[in-house]
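*Asks:* Pasting the sequence and the predicted coordinates here, then a few questions.
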Amino acid sequence: MEVMELNEQLMELEFEPDPAVVEHVTREVNALTDTLEAGIEPVLAGYPGLPADARPRALEQVRTYYLKKRYLLRIRESLAKFATRS
């Protein structure tokens, strides 16, 4: 849900550049990234010690992390474009 709101704000920035909105979205993306990193850290650290039957679940968590991280990176790239315009 938070990411959808960020996307809406990015669309608004396309038509109305606003440095305050860029700053707000940047803070939100940073907070989401921090939360994402904190959530995957224990999975990565504990992976070597997992039994074989638990590894597919951990790998799915890593895959989800990767997709979310990539999405946030695209938002950051968009923000960089809007920041130069405002």
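*Replies:* On my side now, so go ahead.
*Asks:* which residue is nearest the middle of the protein?
*Replies:* A centroid search over the chain (CA atoms, centre = their mean) returns Leu72, at 3.2 Å, as the residue closest to the centre.
*Asks:* My guess is that residue contacts Ala31. True?
*Replies:* No. At 10.5 Å, Leu72 and Ala31 do not qualify as touching, with contact defined as CB atoms under 8 Å. Every C-beta, even on glycine, is put in place using the N, C-alpha and C of the backbone.
*Asks:* which stretches of this protein form strands?
*Replies:* The residue ranges that make up strands in the chain, judged by DSSP state E, are empty, as it has none.
*Asks:* For Tyr47, which residues are in contact?
*Replies:* With contact set as CB atoms under 8 Å, 6 or more residues apart in numbering, Tyr47 has these partners: 55, 58.
*Asks:* Could you do Tyr71 as well?
*Replies:* Val3.
*Asks:* Just the pLDDT for it.
*Replies:* Looking at Tyr71, its pLDDT is 92.
*Asks:* so how far is Val29 from it?
*Replies:* Using CB to CB, to the nearest Å, we find Tyr71 at a distance of 10 Å from Val29.
*Asks:* go on, Ala52?
*Replies:* Separation of Ala52 from Val29 (CB to CB) stands at 36 Å.
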